[in-house]
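Peer 1: I would like the atomic coordinates for the input below:
(chains A and B)
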Amino acid sequence: MTSTPTIPPLTGTITVDVPVERAFRTFTDAFGSWWPAEYHIGQADMATAILEPRESGRWYEQGTDGSECDWGRVLAWEPPRRLVVTWQINGQWQYDPDPAHASEIEVRFTADGPDQTTVTLEHRQLERLVDGQALRDGITSGGGWASLLEQFAKAATNQT
Amino acid sequence: MNTNGVDGLGLLGDPTRRAIFELLARHPCTVGELAQQLPITRSAVSQHLRVLKDGGLVVSQAQGTRRIYRLNPDGVTALRAYLDRVWAEALTAFGKAAQAAPLDPEQEDR
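Peer 2: Reported below is the predicted structural model:
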């Protein structure tokens, strides 16, 4: 339906000195332990974020008050090599349940050796997030994504 | 977080403005082309375009005698740049966690 121009995907990569199984488990099971808590969409402060370990699993945050907010869901669960999840947080900072508005994140875990793993991440179909949403406006006016991501980046940078 | 995005909601909260925005997302248009596709007058289209332009969503460019309106490409560029930073930082945080935190001993799928 959407004929919004395509936005090129984002990619990132990191090499860690751990076995591929451990890299995968850290990314998934321990997701809440490394994702900066400042970056969340719920009203309440974020207690943790959870990636359910199965296809069709939920990806969501849990607030300190027990509330939950969805972020996306698991499309492919292939431990320890590959993970695909949707990112359905729209420009108004809300979970958008419409699958047509879901961008995708694919994470690949490649064993370079017994104790070294390269993790490659691709965030694609970003144009689905902007379709009919105020995303661009959020960016240009300093609200929504811009502030959110700035705060996130700051938080991530300060984390050691 | 104190962000609420109310301003953004206001700009695209108007159904006609949203329709214009979505038409421009498909391809750049002149005021006349937009008016042809919408049940409003050219002057109403112009008014909405002015609001979208002031809000930074839309830019215009003169082409001969015509003025072409398009979505502000910097918006998308900014989105990408931000998300790019997000993932760079998130992966760094992940890398630290992977190498630092001993996982619970049950992690044995090898």
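
Peer 1: in the chain, which spans are strands?
Peer 2: Since no chain was named, I'll use chain A. For chain A, strands defined by DSSP state E occupy the ranges A:10-16, A:46-51, A:58-63, A:68-78, A:82-87, A:103-113, A:116-124.

Peer 1: try again with chain B
Peer 2: Assigned by DSSP E, the strands in chain B fall at B:58-63, B:66-71.

Peer 1: strand partners of the first one, parallel vs antiparallel please.
Peer 2: Looking at strand B:58-63 with DSSP bridges, its partner strands are strand B:66-71 (antiparallel).

Peer 1: what's the strand it pairs with in contact with?
Peer 2: The contact list for strand B:66-71 (CB atoms under 8 Å, 6 or more residues apart in numbering or on different chains) reads A:136, B:21, B:24-25, B:28-31, B:34, B:49, B:53, B:57-62. For every residue, glycine as well, the C-beta is placed using N, CA and C.

Peer 1: which one of the strands of chain A is the most hemmed in?
Peer 2: Counting by mean count of other CB atoms under 10 Å in any protein chain shown, strand A:82-87 has the highest mean neighbour count of these, with a mean of 21.

Peer 1: does that one reach chain B?
Peer 2: No - Strand A:82-87 is not in contact with chain B by CB under 8 Å from any CB of the partner chain; minimum separation 9.1 Å.

Peer 1: packing partners of that strand?
Peer 2: helix A:20-28, strand A:68-78, strand A:103-113 (3 or more CB pairs under 8 Å, 6 or more residues apart in numbering or on different chains; DSSP states H and E).

Peer 1: ok, the residue nearest to residue B:49 when sequence neighbours are not counted - how many residues close by?
Peer 2: The shortest distance from residue B:49 to any non-neighbouring residue, by CB to CB, 6 or more residues apart in numbering or on different chains, is to residue B:69 (5.8 Å). Residue B:69 has 22 neighbours, counted by other CB atoms under 10 Å in any protein chain shown.

Peer 1: now residue B:69: how far from residue B:31?
Peer 2: Going from residue B:69 to residue B:31 by CB to CB, to the nearest Å gives 7 Å.

Peer 1: common neighbours of those two, please.
Peer 2: Contact criterion CB under 8 Å, 6+ apart; residues shared by residue B:69 and residue B:31: residue B:49.

Peer 1: the contacts of strand B:66-71, buried ones only, as a PyMOL selection?
Peer 2: Selection command for PyMOL covering only the buried members of these, criterion 16 or more other CB atoms under 10 Å in any protein chain shown:
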select buried, (chain A and resi 136) or (chain B and resi 21+24+25+28+29+30+31+34+49+57+58+59+60)
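
Peer 1: returning to that earlier point: could you dump the strands of chain B to a markdown table with mean pLDDT and distance to residue A:41?
Peer 2: Formatted as a markdown table, the strands of chain B follow (pLDDT from 0 to 100; distance: least, CB to CB, whole Å):
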| stretch | mean pLDDT | distance to residue A:41 |
| --- | --- | --- |
| strand B:58-63 | 90 | 27 |
| strand B:66-71 | 89 | 25 |
